[in-house]
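Trainee: Coordinates for the following, if possible.
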Amino acid sequence: MVSDTDPRQRKVRILATLGPSSDDPEMIRKLYLAGADAFRVNMSHGSHTHHAEVIAAIRALEKDMRRPMTILADLQGPKLRIGEFADGLVQLETDSVFTLDRDTSPGDKSRVGLPHPEIFEAIDADARLLLDDGKIVLRVTEAEEDRIETRVEVGGPLSNNKGLNVPDVVIPMAAMTDKDRTDLAFALDQGVDWIALSFVQKPEDAAEARKLINGRAALLAKIEKPSAVHRIDEILEAVDAVMVARGDLGVEIPPEEVPPLQKQIIEKARTVGRPVVVATQMLESMVRSPTPTRAEVSDVATAVYDGADAIMLSAESAAGDWPEESVAMMDKIATAVEADPSHWARVHFTETLPDSTSADALAEASNGIAQTVSASAIICFTTSGSTARRVSRERPSVPLLVLTPKLKTARRLGLLWGAHSVHTRDVNNFEQMVGKSKRMALRARIAEGGDRVIVMAGVPFGTPGSTNVLHIVRLIGNELQRHTQDEIDADR
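Mentor: Now for the predicted structure:
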């Protein structure tokens, strides 16, 4: 059982989406025990009442397991859809002419309404329009104020309200809809730890969400638009983490371009110290099958080898027949990869140069020192989580134990590679820091008597972002027995 005294050995984190197959308290517990480190609540589906019940179940499990639980609320975003057809379904023939217009009347095989004026304002001739997750491809031949005429490049059946992707144009629309703002306010009131912003096109899209969040949660941008890929460096500076959302991204760009883009985004995120999540269709066949394909296993393994902070299950855990087994399988794959002797070298293919600060210098040095003195663990004292993020960016070869007096910080670090966060009382002086480090390392069983551990903190204590101390500590065999009950109670 994983608790504050029994951390997971696996360093990459597993983010499991909750849904009809997995959002009751018993199944949430099973997913956690199977390996889930964080839970995604999809605001595209379900009522606020139901979401509140799910979040309450996670918090109850958190209390029972004595482990900070990470909750990510995923906003729906401005999903583009066509209108309806008179017969509910039409067959578009390849090379035929098809028109999208502002007429709200039911469509037919020659036209359909498009309730998004922003597209009419931005679209140009020769742009592509992708319908129904890219199954149907239209090429714009003429664009006017109230109609878009297209040629059908790839035809097929098309039914009511199917999704529309516009990969070649930046649409002048906000990343947040009225529904998103309502959902965001609800999620923040429920105390979620991360907000995922969908269909980000540019760094400015994060500004409104940042303002509304006002520090109450961390912000993650989902990279699923070509325009976001083109401005990934700026987006990384504007948010706290990113997700390689390969579903819509794989619709809007050729599928063969997704793997190299995934690697590039992971590398860029790691370089600047932002957690990066790889998501969508990782074990897709396990929606209906108890075992994945070998190709899916390889896909998950690739993300782990690339050094992603977290890997995500979508429909597999949310709506599939085998939610617990999907989490367990992802855990097994990641654990096997991390046991590969070549794994450590592979995750260090990415060069992470430190900024010219004492905190970055110490974080970079901690990994090398740990190897030189054969330390068993790196222990970080942090208020904001910045020390842990800096150390995690270096992908240390030893366990990373994060001690923080702020529960919200401990929860947010659930998406951070290798970090085992413990919510504990703060320390007031250097002696307390050393004593608590020893006790917590022994309680977590990441070190034993005679081992060395590296302790990092900032002085004066309790000052966010002031990491300036790196201390090597040797543990004594009977360390826990030597401490009073008052000292042990002070850790809680």
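Trainee: what about the residue nearest to Asp183 when sequence neighbours are not counted, how many residues close to it?
Mentor: Excluding its sequence neighbours, the residue lying closest to Asp183 (C-beta to C-beta, 6 or more residues apart in numbering) is Met43, at 4.3 Å. C-beta here means a position set from N, CA and C on the backbone, and glycine is covered the same way. A count of nearby residues for Met43, using other C-beta atoms under 10 Å, gives 23.
Trainee: correct me, but Met43 touches Leu72?
Mentor: No: look at Met43 against Leu72 with C-beta atoms under 8 Å: they stay out of range, at 10.3 Å.
Trainee: list the contacts for the residue nearest to Asp183?
Mentor: For Met43, the contact set (C-beta atoms under 8 Å, 6 or more residues apart in numbering) comprises His51, Ala73, Asp74, Leu75, Gln76, Asp180, Asp183, Ala187.
Trainee: Quick check: the last one is in a helix.
Mentor: Yes: if the criterion is DSSP: H, G, I helix; E, B strand; the rest coil, then Ala187 is within a helix.
Trainee: where does this structure dip in pLDDT?
Mentor: For the chain, the stretches with pLDDT under 70 are 1-6, 461-466, 477-492.
Trainee: residue closest to the middle of it?
Mentor: Val277 (4.0 Å; C-alpha atoms, centre = their mean).
Trainee: Let me see the domain layout of the chain.
Mentor: Here the domain parsing of the chain from automatic domain parsing is 13-78+175-340, 89-165, 358-490.
Trainee: which stretch among those comes nearest His348?
Mentor: Closest approach to His348 among these (C-beta to C-beta): domain 358-490, 6.3 Å.
Trainee: Save the domains of the chain as CSV, and put in distance to Phe349 too.
Mentor: Listed next are the domains of the chain as CSV, based on distance: least, C-beta to C-beta, whole Å:
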stretch, distance to Phe349
domain 13-78+175-340, 8
domain 89-165, 32
domain 358-490, 10
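Trainee: circling back: okay but the residue nearest to the centre of the chain is in contact with Asp240, surely?
Mentor: No: the criterion here is C-beta under 8 Å, and Val277 misses it with Asp240 at 11.6 Å.
Trainee: anything in contact with each of the two?
Mentor: Listed as contacting both Val277 and Asp240 by C-beta under 8 Å, 6+ apart are Leu220.
Trainee: Backbone torsions only: list them for Val166.
Mentor: In terms of degrees, to the nearest 10, the main-chain angles of Val166 are phi -120, psi 90.
Trainee: repeat for Arg151
Mentor: Main-chain torsions, Arg151, degrees, to the nearest 10: phi -110, psi 130.
Trainee: State the distance from it to Ile378.
Mentor: 59 Å (C-beta to C-beta, to the nearest Å).
Trainee: who has more neighbours, those two?
Mentor: The neighbour comparison of Arg151 against Ile378 (other C-beta under 10 Å) goes to Ile378, with 29 against 15.
Trainee: Dihedrals phi and psi, the more buried one?
Mentor: In terms of degrees, to the nearest 10, the main-chain angles of Ile378 are phi -110, psi 130.
Trainee: so the nearest residue to it once chain neighbours are set aside bridges to which residues?
Mentor: Counting by C-beta to C-beta, 6+ apart, the nearest residue to Ile378 once its immediate chain neighbours are dropped is Ile454, at 4.8 Å. Listed beta-bridge partners, Ile454: Ile378, Ile472 (assigned using DSSP bridges).
Trainee: what sits against Ile454?
Mentor: Ile454 makes contact with Ser366, Ile369, Ala370, Ala375, Ala377, Ile378, Ile379, Leu470, His471, Ile472, Val473 under the criterion C-beta under 8 Å, 6+ apart.
Trainee: Mind putting those residues into TSV with distance to Arg288?
Mentor: Output for those, formatted as TSV (distance: C-beta to C-beta, whole Å):
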residue	distance to Arg288
Ser366	45
Ile369	49
Ala370	44
Ala375	46
Ala377	41
Ile378	42
Ile379	44
Leu470	51
His471	53
Ile472	52
Val473	51
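Trainee: Are any of those residues buried, and if so which?
Mentor: In those, burial by neighbour count holds for Ser366, Ile369, Ala370, Ala375, Ala377, Ile378, Ile379, Leu470, Val473, counting by 16 or more other C-beta atoms under 10 Å.
Trainee: Any figure for the gap between Thr49 and Ile58?
Mentor: Distance from Thr49 to Ile58, counting by C-beta to C-beta: 16 Å.
Trainee: ok, now Lys30?
Mentor: 13 Å.
Trainee: do the same with Arg412
Mentor: Distance from Arg412 to Ile58, by C-beta to C-beta: 14 Å.
Trainee: what about the two, which has more around it?
Mentor: Higher neighbour count among Arg412 and Ile58: Arg412, with 29 against 22, using other C-beta under 10 Å.
Trainee: List the residues that contact that one.
Mentor: Going by C-beta under 8 Å, 6+ apart, the list of residues near Arg412 reads Thr70, Asp193, Trp194, Ala217, Ala218, Gly385.
Trainee: Greatest separation within the contacts of Met43: which pair is it?
Mentor: Greatest spacing in the contacts of Met43, by C-beta to C-beta: His51 and Asp180 (14.0 Å).
Trainee: quick one: the strands in the stretch 51-200 of the chain?
Mentor: Secondary structure of the stretch 51-200 of the chain (DSSP state E, counting those that start in this stretch): strands located at 70-74, 89-92, 97-101, 111-113, 128-131, 136-143, 147-154, 156-159, 164-165, 194-197.
Trainee: now do the stretch 351-492 of the chain
Mentor: For the stretch 351-492 of the chain, applying DSSP E, counting those that start in this stretch gives strands covering 377-381, 400-404, 419-423, 452-458, 467-474.
Trainee: out of those, which comes closest to Met173?
Mentor: Closest approach to Met173 among those (C-beta to C-beta): strand 419-423, 36.2 Å.
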